[in-house]
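Peer 1: need a structure here:
(3 chains)
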Amino acid sequence: MFYYLIDLLGTVAFAISGVMVAMNKRLDPFGIFIIGFVTALGGGTIRDVLLGISPVTWLINTTYMFVVIGTVILAIIFRSKLKYFNLSLFLFDTIGIGLYTVVGVEKGVAAGLHPIMCIALGTISACFGGVLRDILCNEIPVIFRKEIYATACILGGVSYFILTLFDIKSNIVFAIPIIVVIVVRLLAVKYKLELPTVYKK
Amino acid sequence: MFYYLIDLLGTVAFAISGVMVAMNKRLDPFGIFIIGFVTALGGGTIRDVLLGISPVTWLINTTYMFVVIGTVILAIIFRSKLKYFNLSLFLFDTIGIGLYTVVGVEKGVAAGLHPIMCIALGTISACFGGVLRDILCNEIPVIFRKEIYATACILGGVSYFILTLFDIKSNIVFAIPIIVVIVVRLLAVKYKLELPTVYKK
Amino acid sequence: MFYYLIDLLGTVAFAISGVMVAMNKRLDPFGIFIIGFVTALGGGTIRDVLLGISPVTWLINTTYMFVVIGTVILAIIFRSKLKYFNLSLFLFDTIGIGLYTVVGVEKGVAAGLHPIMCIALGTISACFGGVLRDILCNEIPVIFRKEIYATACILGGVSYFILTLFDIKSNIVFAIPIIVVIVVRLLAVKYKLELPTVYKK
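Peer 2: Take a look at the predicted model:
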């Protein structure tokens, strides 16, 4: 129940991030809704398709659709006020990618996959909604240029499997990696850490 | 049989719309074929993948592939004459999205999904071929900027579920929403209706 | 075993082609890795999703992931030396698309599909990793403008089905189309063959 609430807050934060990018591109309300939807649910959709989980989660659980519709409508109406929520949105988003990472990792574990594949699925769940958002808006995905976002997810996934080596309760194994993702990302943002770009000399 | 014919006419119209965009980008014949193919069958492919219908429809029913191949070849050969068919193509395309919408809705119903998800699947079937076309041609999808196209599909889908509330024969429940999509789109084009773009002030 | 080695060499060549495009876009190491991964494994992933093979191949067989990780790290470290390997990479890549084509064709045959669909799947396996690479890097896919790449795969696929008409051993039916793809592509590059672009006059 608690995690479900975090999940929905993450969905709200992701949808708003999509709405903001879409408004910068001066799209119409339908376009803004699609970008919000894809940002919020695209990562989990790719994860489900790769795993062969069908119909994909958001087709079965209608809550996500209603949350995205409500978020997009409110974000459009109060678009001039969104800047006052920047900090809250950043926190929701950070908590959201933490949770999405662990949910993705656990779906991989449930499918009997190798840990590195579970970490890949967790990172895809958390990050590829934003990748699809940027592709639809005709931009090179921002996480390919500002790397700490995905690195935080990878480190969270690694911590998950380190914890499973010990005799630890499953809800702690679930919670700690979320905290790892959040802490890494907060530190990265606070200290403006990013990996240098690499190009051929 | 009648609907199958409409389906194939819609496929032809979608493929030609892809060919025309691809020729504007000065692609080669292979690129033009792929864009035509993706425009015609991409929406239904995404719908099938989300639902877990596999292999996807066009892999099983070879007619679509042959229709697209034939359409692309003829469209390339007679490319200087395409302008004389603008009205026919617009009508085929409009009838096509009406039909694709209802086919998508009914696939969702068959999978036991919530009406809002069925409407989403219908809209995806009708509109996302064009979205993929625009992504492959490195453009922001046109339906995110000229919204009445997708709105017509959504209204058609809504009308489908309104009709199911009454004791109406299934072929009428199938036909009326197609007419709704067509009428909405024709009115939108005739009166140049489009929603304003939204951006942050 | 021999084919598996070719497969991995093809994966290496595809991954490096992704790394080189990504470095031209000045991405960070995570972005470079994702582009390398998608270039190497994206075509097979689309093929698996269209066929409904799940989880997709690279989630099950971890070798691909480790090969891509190793390739990307080495390619980044030795990026100033990559130009000395241009010929080897071109050869690996050419052998790779030959093999990927035939693997894709045989997966279609195994699913009981029509030959034209098997050829489509083979071509998708070989070519769509590069398509995804170019979309992620915000370019119109290069194979839509320089066509002989995909044409070689299609001709290889056609030769496969011509060979099955005769009473020929299965490993020869497997090997000859690979050679067809390689020869067509080498001739096309040697004689600078490409189809003219097509546009509306």
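
Peer 1: hey, let's count contacts and neighbours off CA atoms from now on
Peer 2: Will do.

Peer 1: what residue is smack in the middle of chain A?
Peer 2: A:A126 (3.1 Å; C-alpha atoms, centre = their mean).

Peer 1: three-state assignment of that one?
Peer 2: helix (DSSP: H, G, I helix; E, B strand; the rest coil).

Peer 1: not counting its neighbours along the chain, what's nearest the residue in chain A that chain B sits nearest to?
Peer 2: Distances between chain A and chain B by C-alpha to the nearest C-alpha are smallest at A:G31, namely 3.7 Å. Leaving aside its sequence neighbours, A:G31 sits nearest to B:F144 (C-alpha to C-alpha, 6 or more residues apart in numbering or on different chains; 3.7 Å).

Peer 1: residue ranges with poor pLDDT in chain A?
Peer 2: A:1, A:146-147, A:195-196, A:199-201 (pLDDT under 70).

Peer 1: quick check: the gap between the residue nearest to A:G52 when sequence neighbours are not counted and A:G44.
Peer 2: Nearest residue to A:G52, sequence neighbours excluded (C-alpha to C-alpha, 6+ apart): C:S54, at 4.8 Å. As judged by C-alpha to C-alpha, to the nearest Å, C:S54 and A:G44 stand 16 Å apart.

Peer 1: could you do A:L121 as well?
Peer 2: Counting by C-alpha to C-alpha, the gap from A:L121 to A:G44 is 9 Å.

Peer 1: output the longest helix belonging to chain A.
Peer 2: Using DSSP state H, we find that the single longest helix of chain A is helix A:86-110.

Peer 1: flag every buried residue along it.
Peer 2: Buried positions in helix A:86-110, judged by neighbour count with 16 or more other C-alpha atoms under 10 Å in any protein chain shown: A:89-109.

Peer 1: repeat for stretch A:2-14
Peer 2: A:6-14.

Peer 1: among these, which lie within helices?
Peer 2: Assignment to helices by DSSP H places the following of these there: A:6-14.

Peer 1: and chain A, which residues reach chain B?
Peer 2: A:20, A:23-32, A:34, A:45, A:49, A:52-56, A:59-60, A:62, A:76, A:79-80, A:135-138 (C-alpha under 8 Å from any C-alpha of the partner chain).

Peer 1: filter those residues to the buried ones?
Peer 2: Buried among those (16+ other C-alpha under 10 Å): A:20, A:23, A:25-32, A:34, A:45, A:49, A:52-56, A:59-60, A:76, A:79, A:135-138.

Peer 1: contacting residues around stretch A:51-62?
Peer 2: With contacts defined as C-alpha atoms under 8 Å, 6 or more residues apart in numbering or on different chains, stretch A:51-62 is touched by A:41, A:44-45, A:48-49, A:64-65, A:108, A:111, B:50-52, B:113-114, B:117, C:52-56.

Peer 1: can you get me the start-to-end distance on it?
Peer 2: Counting by C-alpha to C-alpha, you get 21 Å between the two ends of stretch A:51-62.

Peer 1: hang on, the earlier thing: so which of the buried ones among the residues of chain A next to chain B belong to helices?
Peer 2: Per DSSP H, the subset of these in helices is A:20, A:23, A:29-32, A:34, A:45, A:49, A:59-60, A:76, A:135-136.

Peer 1: grab the two from those that are most spread out in space.
Peer 2: A:V49 and A:I76 (30.4 Å; C-alpha to C-alpha).

Peer 1: separation between A:I34 and C:V103?
Peer 2: 36 Å.

Peer 1: residues contacting the closest residue to chain C within chain A?
Peer 2: Chain C sits closest to A:F144 of chain A, with a gap of 3.7 Å, by C-alpha to the nearest C-alpha. Counting by C-alpha under 8 Å, 6+ apart, A:F144 touches C:27-32, C:34.

Peer 1: could you redo the last one with a cut-off of 6 Å?
Peer 2: C:27-28, C:31 (C-alpha atoms under 6 Å, 6 or more residues apart in numbering or on different chains).

Peer 1: would you format those residues as a markdown table with distance to B:S170 included?
Peer 2: Formatted as a markdown table, the contacts of A:F144 follow (distance: C-alpha to C-alpha, whole Å):
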| residue | distance to B:S170 |
| --- | --- |
| C:L27 | 54 |
| C:D28 | 55 |
| C:G31 | 51 |
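
Peer 1: look up phi and psi at the nearest residue to A:C137 once chain neighbours are set aside.
Peer 2: In this structure, A:C137 finds its nearest non-sequential neighbour in B:I140, 5.6 Å apart by C-alpha to C-alpha, 6+ apart. Per-residue torsions, B:I140: phi -70, psi 130 (degrees, to the nearest 10).

Peer 1: between A:L121 and A:G44, who's got more neighbours?
Peer 2: Neighbour comparison, A:L121 and A:G44: the larger count goes to A:L121, with 33 against 27 (by other C-alpha atoms under 10 Å in any protein chain shown).

Peer 1: the helix or strand where the more buried one lies packs against which elements?
Peer 2: Assessed by DSSP states H and E, A:L121 sits inside helix A:115-136. Applying 3 or more C-alpha pairs under 6 Å, 6 or more residues apart in numbering or on different chains; DSSP states H and E, one finds that helix A:115-136 contacts helix A:29-51, helix A:86-110.

Peer 1: how far off centre is stretch A:162-172?
Peer 2: Distance of stretch A:162-172 from its chain centroid, counting by C-alpha atoms, centre = their mean, to the nearest Å, is 23 Å.

Peer 1: in it, what's buried?
Peer 2: Residues of stretch A:162-172 classed as buried by neighbour count (16+ other C-alpha under 10 Å): A:L163.

Peer 1: now the end-to-end length of that stretch.
Peer 2: Rule used - C-alpha to C-alpha; the end-to-end distance of stretch A:162-172 is 12 Å.

Peer 1: now tell me what touches it from outside.
Peer 2: For stretch A:162-172, using C-alpha under 6 Å, 6+ apart, the contacting residues are A:V173.

Peer 1: can you do 10 Å?
Peer 2: Stretch A:162-172 is contacted from outside by A:156, A:160, A:173-174, A:176-178, using C-alpha atoms under 10 Å, 6 or more residues apart in numbering or on different chains.

Peer 1: and the residue of chain A closest to chain B, what does it touch?
Peer 2: A:19, A:22-23, A:25, A:37, A:136-137, B:140-147, B:150, B:197-198.

Peer 1: please apply the same query to A:T11.
Peer 2: Each residue near A:T11 by C-alpha under 10 Å, 6+ apart is listed here: A:5, A:17, A:36-37, A:39-41, A:64-65, A:67-68, A:71, A:92-93, A:96-97, A:100.

Peer 1: could you rerun that using 7 Å?
Peer 2: By C-alpha atoms under 7 Å, 6 or more residues apart in numbering or on different chains, the contact set of A:T11 is A:A40.

Peer 1: any figure for the gap between it and C:V181?
Peer 2: 46 Å.

Peer 1: same check on A:P55?
Peer 2: Taking C-alpha to C-alpha, one finds A:P55 at 37 Å from C:V181.

Peer 1: again, but for A:N61
Peer 2: From A:N61 to C:V181 the distance is 46 Å (C-alpha to C-alpha).

Peer 1: who has more neighbours, those two?
Peer 2: Shown here are A:N61 and C:V181; by other C-alpha under 10 Å, C:V181 has more neighbours (28 against 13).

Peer 1: surely that one meets C:G156?
Peer 2: Yes - between C:V181 and C:G156 there is a contact at 5.0 Å, judged by C-alpha atoms under 7 Å.
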